[in-house]
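Novice: generate coordinates for the sequence data below:
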Amino acid sequence: MWGAVYAALVLALVVRVRSRDAPVPEPARPLPDEPLWLTTLHHLLLTLVLVAAPLERLVVGAAAPGRAAGALLLLVGVVLYRTAGRTLGDALSPFTEPRAGAPLVTGGPYRWLRHPMYASQALIAVGAPLTMGARLTLAPAFADLVVLALRVQREDEALARTFPEYARYATQTKRLLPFLY
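Specialist: Here you go, the predicted structure:
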């Protein structure tokens, strides 16, 4: 059962559905001076977590406690990821520097959090191994949380440089956890 839940949630995360009429957005490109190592490391760690969790379950077995909580974290992470991505629209980019010409997005989940995409990825990184009962995979998940914290810091700096209104917005919203941080 947990394997089916995991597979469905990971599919919901990675499969992007778009209507035939919708224009294909221009691919995001990093700025010439943007360091890509942090983005690359984050994507590698998250991919490792998503692949290692079911592999660990097959090879080592699964721990029963926490699987329902993990599935809930994973579900909330996937829903928040999809919602935040839809809210960003053409401003969506995997890089820490904002897309040229993109507006500062402050609606949807961005009303409460400055970085709901990163919050969702943190929920996914922790929820995936717990759902599969894969406790060893929590190590790269926590490493990914450290990388996410660095990305949040860099993105806050980039947004502040790009948008004069960002400082005011930042005082009104939390970074990753509503009402807390």
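Novice: host element of the residue nearest to the spatial centre of the chain?
Specialist: Centre of the chain computed as the mean C-alpha position; nearest residue by CA atoms, centre = their mean is residue 121, 2.7 Å away. Residue 121 belongs to helix 116-132 when elements are defined using DSSP states H and E.
Novice: now that helix: buried residues?
Specialist: 116-132 (16 or more other CB atoms under 10 Å). Using the backbone N, CA and C atoms, a C-beta is placed for each residue, glycine as well.
Novice: next: stretch 131-146.
Specialist: For stretch 131-146, burial by neighbour count (16+ other CB under 10 Å) applies to 131, 132, 133, 134, 135, 137, 138, 140, 141, 143, 144.
Novice: looking at the residues you listed, spot the one nearest residue 98.
Specialist: Within these, the smallest distance to residue 98 is 22.4 Å, found for residue 144 (CB to CB).
Novice: OK, contacts around residue 106?
Specialist: Taking CB atoms under 8 Å, 6 or more residues apart in numbering, we find residue 106 in contact with 169, 173.
Novice: contacts only, for the residue nearest to the centre of the chain.
Specialist: So residue 121 contacts 42, 46, 77, 81, 144, 148 (CB under 8 Å, 6+ apart).
Novice: residue 92 and residue 28 touch, don't they?
Specialist: Yes: between residue 92 and residue 28 there is a contact under CB atoms under 8 Å: 7.3 Å.
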